[in-house]
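[1] pasted the sequence and its predicted model underneath.
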Amino acid sequence: MAPGVTIPARLRGVVAQAEAALPDRADSLCAQEPIHIPGSIQPHGVLLMADPARGMAIVAASENAGILSTEIPSNTLMGLSVGAVLGEDFAATLGDLARAGEMPGEAPWETGLTLPGGAFEVASHTQDGMVLIELEPVAPRDEQEALGATRALQRAIARLRGAGGRLEDLARVTVEGIRFFTGYERVLIYRFDRDWHGETLAEDKVEDWDQSLAGLHFPASDIPAQARELYRRSLIRWVPSRDAEPLALLRDPIWDSSMTPERPIDMSFCRLRSLSPVHLQYHRNMGVDGSMSLSILHEGQLWGLVVCHHRQPHRPSPGQRAAAAALTDAFALRIGGAERMRAEEARRADSARLSDLLAHMAEAEDVSSALTAGSVTIASLFGCTGAAVVRQGQVETLGVAPPEAEVLRLATWLRERGGEEIFHADHLPEDFPDWAPHAAIASGVLAVFLGADRADMILWFRPEEPHLVSWGGNPHKAVEPDGGSVMPRQSFDRWVEERHGYARPWAEWELEIAAALRHAITEVVIRSLSRIAELNDRLRQSQKMEAVGQLTGGIAHDFNNLLAGIIGSLELLRSRVAQGRFGDLDRYLGAATTSANRAAALTHRLLAFSRRQTLDPRPTDVNRLVTSMEELIRRTVGPAIHVETVMSGGLWSALCDANQLENALLNLSINARDAMPDGGRLTIEAVNAWLDDSYARQHHDVAPGQYIAVSVTDTGTGMPPEVIARAFDPFFTTKPLGQGTGLGLSMVYGFAKQSNGYVRIYSETGQGTTVRLYLPRSTEGESAQRIRQEEHDVPAAPDGGTVLVVDDEPVVRMLVGEVLRELGYGVVEANDGVQAMKAAEAMSGIDLLVTDVGLPNGMNGRQLADALRARRPGLKVLFITGYAENAALGNGVLEPGMQVMTKPFAMDSLTSKIRAMI
C-alpha cells in the first residue's frame, strides 16, 4: 500500500465473513461440489476482487491479503481502491483493459508487481462484471528456474517434432519433458473416452515410486461434468501442498448488504482456487502431496489431462508452469495428425474397395446384386463380419448376420426412430430392446438409409470385442462418507473386469465412406427409376398413337364436314354474286362463318390436351371467377343437381389464363353431371395450399411452393383405380360411342401442366369423385392486376402511325394490312424475320409490330421482336399465332408492351386490340 494512505474508520475491526459451508452428502459430493462458487483459495497466493461500478473498490479479499503490505491487516482492505493497494499505474492499466473487454477468464492479463510485501506475479481477469486479481509471491530462485525451463522446453519440442506420428510416442516425449523441467516425481497423460472414462496413455516417474498408474482406467464419476467444465475454463491448476489449510474469502458487508440475494463469487477461472475435498482425498489415497494438472484441448474440446504428482509439497515456478503449458499445447497440436495417421491405412484400403464396388455398380442393372454379388461386396468394407440389404420389405444377408426376421425388426425400429440418414452404434443392446442375444455377432451396427422414406437400407454388423479393463480402484464402489471424511473407493489397487457388449467403434472416415456409398447407390436407383420412367413414357406414347389412329377417321370426318360447309358456302356465294342475286348472301356467309368457328373450336381442343395452346397467364381472382360462372354451371348441369360453391377468405391470386380456367371448370362440371344421372351434389371449392418438400418427394412431378387448390367434387358413380390411372389419357372415355371424345380431362390436365400446376383425382366407386387443380400463386398484387386490367380495357383512338406486319401467310398479311389501313395507319409488310429486319432499318419509326410467332428462315417472331426492341426500346408488339409457340414466347410470360392473339380471330377483335395498344 502506498505510504500515507489513511484507512477509513468504518473499515477498522471488520469481522471476516466466510462463505457458506460445503454440502456434506458424500454420495453426491463430486456432483454437488461448488466448482464454480468455491469459498476459499490456496494459501500460497492472494485474491482480491474489485467492483468497477464503485471505482475499482475492493469488495472481497482472501484472509492473507495483508502479506501485500506489512502495515495494514487484511480485513481493512475492504472499500479501498485497487490503486491505493497495488499502485495507481497498475490500477489505471487494469481499468482500461477491463473497460475494453480484454481480460476474459480464458486469457487473463499477467504482469509482475513489486509491493511493500515483496515481488508478486499477477494474473487478472473479469467475471460477472467484477475484476478478480490473483497475486503469487515470487521466490528468489524463480527467475533462474524459468530460464532453465525455457531451455528444456526448446529441447522437448524438438524431440516432439522428431517423435514420429504415433500418439503413444508423442505422449511419452511430452510427459518426459514436463517431468524434467518441473521437477515432479510422476507425470502422466490421461485421455478421456467417449463415455468420459479416463485412461492413462503415458507415464514417466522416478524409479523409487513403486506405484504406477500406467494402463489404468478411471471412472467418469471421478471427474463429473461440472469438473470437466472447469477444466475447459481454467487450463492449468496446481496445489503446492495438499494439506495446507485453504483461506476463506472476506467480503465487504456494505457490498453484501446491497445485494439480494447475496451475489456469489464465481472463481472458475481462478488458478488459486482451492481443490475439492474429494480430489484432495484421492491424492491422500495415492500418497500425493503436491500436484499440477493441465487441460489438453483438441479442436476446442477437452481431450484429456496432463497430471503431475509429487509425494512431498512441491511448487513449480511460474516459468516452469508456463513451459509445461507450452509443451502441452504443442502435444495437443499433434493429436489430430497422429489420429489421422492411425486411420489412414485402413481408410485407403476401404477407399480402394469402395472404388471397386462403385465400378461394379456402374455396370450392374440391379442394385441388390451389385451390392451382394461379386468379388467385392458391401461385406468387404469396414472390417465387418456381416451385412444385410433391406429392400422392398425383403432381406438379403452376407457373412455372419442375425436372422432375417430380426434384421427386419431392427430395420422397422431404425425407420421409426427417425434421425439422420446414417445411424451407427457400437453397443446396440443399450438402445434397441431385446438385442442382447445378438450382441456376440452384431453389437456394432452401421445403417445407411437409401431414400427419404427410410424404407430401404444397408446394414453392417460388427461383433462385440470382450476385453479386460484395469480400473484404478473398484469403479462400482460408491463414494461413501466415513466419520465425516470423504473416502473415494478406499484405495487405488487395480480392479480388473471383463467388458462385454461393445464392438469396435465406427470411425469418422468409415461414416464418410458409408455416406459416399449411399450417394452412389441413390444415383443408381435414380438411374433405374429414370429408365422405368422412360419406358413408361414410350408405352404411354404408343398408347396415345394407337388412340389417335383409332380416332383419326372420326376427326378427319369432322374436319371434312366443316370444310365442305365453308367451301360450299363460298362457292354458292361466288355464283350468286356472278348472277347478280344478292338476296341469300347473308345466309351463305353465316353458314361459312359457323363452320369456320366450329373448326377453330376443334383445333383449340386438340391443342389443349396436347398442352400446346397459347395461354395468357395473369393474376386471377379465383373467387370472383367461380362466382361469375355459378349461374352458367347451374344451367349446364340442370335442376336435378345442387350446385354449391365454397370460397375461402384471403384467397391468393392464381397465375393462370382465366378463360382456360373457366373452360376447365365447365368441362369438370359436365363430367360431374354425367356421373350423376339421377341427380346429386356438385361442390366447387377454392383454398390456399402449401405443398412442402415432403409432399414433393412423394409426388415426383410436383414442385414445392404456394398454390391455389380448386376442387370440383360430385356425389356420382366414382371411378375404379384402373379408370383413374387412364383418366387423363387423350381420347380415353368410358362414355358410349358418340357421347364423348375423351378430350375433356386431357384438356384440363394439359391446362394445369402448361400453367406450371398439377391436377389430381380422388375417387371411390359409388362414393363420388374429386378433381383438384393446383394452380401456382401469383407474385403480383391485386392492385397491379387491376392496373393491368384497366390498361387493357381503355381503348385509344388511332392517331396515325406506322405498323410493321410480318407473316409468312400472304392472305393473313393482306387481311391484317387492310384492317390497319382502314384505321388510318401506314403499313409495311414482310414475309419473314430477315426481310422484316431490312425493312425496319429503312423505316424512320415503328409504332407497332404485328408478327406471327412461327416464321421461316431461322428467326421466329419472338426473336424478331427482341432484336427490334434492342434497337427501339419500348416498341409495342402484337404476336399472332395459329398454334402454340410458348417456348418462343418465353414459356407464356410476355414482357410489358407485348400481347398475343390466337388465330383464327375476328377482325373486330383485332381492331380493338390494335386500338388499345397504339
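    Sure, I can see it.

[2] pLDDT score for W435?
    pLDDT, W435: 90.

[3] any idea which element M719 lies in?
    Using DSSP states H and E, M719 sits in no helix or strand.

[4] which stretches of the stretch 501-650 of the chain have low pLDDT?
    522-569, 571-572, 575, 584, 587-588, 591-592, 594-595, 598-615 (pLDDT under 70).

[5] can you rerun that using 50?
    550-551, 553-554, 557, 608-611 (pLDDT under 50).

[6] same check, this time on the chain
    Along the chain, the parts satisfying pLDDT under 50 run over 1-37, 260, 483-486, 550-551, 553-554, 557, 608-611, 737-742, 782-798, 884-888.

[7] buried residues in the strand ranked longest in it, which are they?
    Counting by DSSP state E, the longest strand found in the chain is strand 680-691. Neighbour-count burial for strand 680-691 flags G680, L682, T683, I684, E685, A686, V687, A689, L691 (criterion: 16 or more other Cβ atoms under 10 Å). (Each C-beta comes from the backbone N, C-alpha and C, glycine too.)

[8] closest to R179 out of those residues?
    Of all those, R179 sits closest to L691, with 67.5 Å by Cβ to Cβ.

[9] residues in contact with the stretch of helix or strand A92 belongs to?
    Using DSSP H and E, A92 falls within helix 88-99. Contact partners of helix 88-99, identified using Cβ atoms under 8 Å, 6 or more residues apart in numbering, comprise 2, 52, 56, 81-83, 103, 109, 111, 113, 122, 124, 126, 131, 133.

[10] any idea how far that helix is from the chain center?
    Between the centre of helix 88-99 and the centre of its chain there are 46 Å (Cα atoms, centre = their mean, to the nearest Å).

[11] tell me the strands beside the helix or strand following it, with direction?
    As assigned by DSSP H and E, the chain's next helix or strand after helix 88-99 is strand 109-115. The strands that strand 109-115 pairs with in its sheet are strand 118-127 (antiparallel) (by DSSP bridges).

[12] tilt between the partner strand and helix 88-99?
    Orientation of strand 118-127 against helix 88-99 (axes from the mean of the first three to the mean of the last three Cα atoms, to 10 degrees) gives an angle of 20 degrees.

[13] buried set for strand 118-127?
    If you call a residue buried by 16+ other Cβ under 10 Å, then strand 118-127 has these buried ones: F120, E121, V122, A123, S124, H125, T126, Q127.

[14] test my guess that the fifth one contacts G105.
    This points to S124. No. If you go by Cβ atoms under 8 Å, S124 and G105 don't touch, sitting 10.4 Å apart.

[15] quick one, strands of the stretch 701-850 of the chain?
    In the stretch 701-850 of the chain, the strands defined using DSSP state E, counting those that start in this stretch lie at 705-714, 758-764, 768-776, 802-806, 826-830, 848-852.

[16] need the ones you listed in CSV (columns: distance to G162 and mean neighbour count).
    Shown next, in CSV, are these (distance: least, Cβ to Cβ, whole Å; neighbours: other Cβ atoms under 10 Å):
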stretch, distance to G162, mean neighbour count
strand 705-714, 62, 21
strand 758-764, 68, 17
strand 768-776, 67, 23
strand 802-806, 83, 23
strand 826-830, 85, 17
strand 848-852, 81, 24
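
[17] quick one: closest of those to P43.
    Evaluated with Cβ to Cβ, the strands of the stretch 701-850 of the chain place strand 705-714 nearest to P43, the distance being 70.6 Å.

[18] just checking, what packs against the closest one?
    helix 622-637, helix 658-675, strand 680-691, strand 768-776 (3 or more Cβ pairs under 8 Å, 6 or more residues apart in numbering; DSSP states H and E).

[19] output the second one as CSV, restricted to C-alpha atoms.
    As requested, the backbone C-alpha atoms of helix 658-675 are provided in CSV (Å, rounded to 0.1, in the frame of the first residue of the first chain):
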residue,chain,number,x,y,z
ALA,A,658,-58.7,-17.1,-66.7
ASN,A,659,-60.5,-18.2,-69.9
GLN,A,660,-58.9,-21.6,-69.9
LEU,A,661,-59.7,-22.0,-66.2
GLU,A,662,-63.3,-21.3,-67.0
ASN,A,663,-63.2,-23.9,-69.7
ALA,A,664,-61.6,-26.4,-67.3
LEU,A,665,-64.3,-25.8,-64.6
LEU,A,666,-67.1,-26.1,-67.2
ASN,A,667,-65.6,-29.4,-68.5
LEU,A,668,-65.3,-30.8,-65.0
SER,A,669,-68.9,-29.8,-64.2
ILE,A,670,-70.1,-31.5,-67.3
ASN,A,671,-68.2,-34.7,-66.4
ALA,A,672,-69.7,-34.5,-62.9
ARG,A,673,-73.2,-34.1,-64.3
ASP,A,674,-72.7,-37.2,-66.5
ALA,A,675,-71.6,-39.1,-63.4
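
[20] that helix vs helix 622-637, what angle?
    Per the same axes, to 10 degrees, the angle that helix 658-675 makes with helix 622-637 is 40 degrees.

[21] okay, now the domains of the chain?
    Domain ranges of the chain: 9-137, 364-465, 534-606, 610-776, 795-917, per automatic domain parsing.

[22] how about those domains in TSV, adding distance to P313?
    Shown next, in TSV, are these (distance: least, Cβ to Cβ, whole Å):
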stretch	distance to P313
domain 9-137	10
domain 364-465	44
domain 534-606	83
domain 610-776	66
domain 795-917	85
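
[23] G165: which of those domains is closest?
    The closest of those to G165 is domain 364-465. By Cβ to Cβ, the value is 21.4 Å.

[24] can you give me the offset of that closest one from its chain's centre?
    Put simply, domain 364-465 sits 26 Å off its chain's centre (Cα atoms, centre = their mean).

[25] repeat that for stretch 500-509.
    Per Cα atoms, centre = their mean, the centroid offset for stretch 500-509 relative to its chain is 28 Å.

[26] how long is that stretch from one end to the other?
    This stretch, stretch 500-509, spans 25 Å end to end (Cα to Cα, to the nearest Å).

[27] quick one: L855 and L864 touch, right?
    Yes. With contact defined as Cβ under 8 Å, L855 reaches L864; the gap is 6.9 Å.

[28] what is in contact with the two at once?
    In contact with both L855 and L864: V806, G833, using Cβ under 8 Å, 6+ apart.

[29] can you give me the helices for the stretch 701-850 of the chain?
    721-726, 744-754, 782-793, 810-822, 833-842 (DSSP state H, counting those that start in this stretch).

[30] so which of the ones you listed gets nearest L230?
    Comparison of the helices of the stretch 701-850 of the chain against L230 by Cβ to Cβ identifies helix 782-793 as nearest, at 62.3 Å.

[31] all strands for the stretch 401-550 of the chain, in order.
    Ranges of strands within the stretch 401-550 of the chain are 422-425, 444-449, 457-462, 467-472, 480-482, 485-487, 494-499, based on DSSP E, counting those that start in this stretch.

[32] next, format those strands as JSON lines and append mean neighbour count.
    Formatted as JSON lines, the strands of the stretch 401-550 of the chain follow (neighbours: other Cβ atoms under 10 Å):
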{"stretch": "strand 422-425", "mean neighbour count": "18"}
{"stretch": "strand 444-449", "mean neighbour count": "23"}
{"stretch": "strand 457-462", "mean neighbour count": "25"}
{"stretch": "strand 467-472", "mean neighbour count": "15"}
{"stretch": "strand 480-482", "mean neighbour count": "12"}
{"stretch": "strand 485-487", "mean neighbour count": "16"}
{"stretch": "strand 494-499", "mean neighbour count": "12"}
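
[33] got those strands as JSON lines, with distance to G580 columns?
    Output for the strands of the stretch 401-550 of the chain, formatted as JSON lines (distance: least, Cβ to Cβ, whole Å):
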{"stretch": "strand 422-425", "distance to G580": "92"}
{"stretch": "strand 444-449", "distance to G580": "87"}
{"stretch": "strand 457-462", "distance to G580": "89"}
{"stretch": "strand 467-472", "distance to G580": "118"}
{"stretch": "strand 480-482", "distance to G580": "131"}
{"stretch": "strand 485-487", "distance to G580": "131"}
{"stretch": "strand 494-499", "distance to G580": "117"}
